[in-house]
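**Student:** using only what follows, build the 3D model:
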Amino acid sequence: MIFHINRLSFKTDVSENDKRRGLELLRRQGESIPAVTSFVVGPELGGDFEYGAVFVIDDLDGYWEYLTHPAHFESEKSGLHLVERFAAFDTTDSDAPDYGEKIAALHARSYRESPELAKLVSEVPSFVVQSGSGPTT
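**Tutor:** Okay, the predicted model is just below:
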């Protein structure tokens, strides 16, 4: 099982309406991506980001489905320009020592296969995705 955790803060000039719309895009991922078995989207409590989202996914095949699903792409295409800071990491119950590297490889593959997504990510002022051996941008 994988808990895919997203943390984000909006740009200071983003309206409350646009924030709600951006958070709704994240909720839509949880509702429409079959690989997501449960999710939560809401304010981050006790952290240094405004909001967080957690998506629970069973395995690496499901993780790839999540990364490549149209709802995920739509969320990034329509929401990343609103974001000042974004960080993502994963927690898993797998004991496989290379599990983090496998997740990082899926992220890298998704950026290779979708140059448009890679461009969107590169335009976020602070964007960090944890890899198997540490953060990457």
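**Student:** quick one: residue 74 and residue 24 touch, right?
**Tutor:** No - assessed by C-beta atoms under 8 Å, residue 74 is found out of contact with residue 24, at 11.1 Å. Backbone N, C-alpha and C define where each C-beta goes, glycine included.
**Student:** all helices for the chain, in order.
**Tutor:** 16-32, 60-68, 70-79, 99-113, 115-122 (DSSP state H).
**Student:** and the contacts of the second one?
**Tutor:** For helix 60-68, the external contacting residues (C-beta atoms under 8 Å, 6 or more residues apart in numbering) are 2, 4, 29, 33-36, 55, 57, 72, 99, 102-103, 106-107, 110, 113.
**Student:** the helices of the chain: which one's closest to residue 88?
**Tutor:** Across the helices of the chain, residue 88 has its closest neighbour in helix 99-113 (8.6 Å, C-beta to C-beta).
**Student:** list the helices and strands that closest one packs on?
**Tutor:** Packed against helix 99-113, as judged by 3 or more C-beta pairs under 8 Å, 6 or more residues apart in numbering; DSSP states H and E, are the following elements: helix 60-68, strand 83-92, helix 115-122, strand 126-131.
**Student:** having no further points to raise, I will conclude here.
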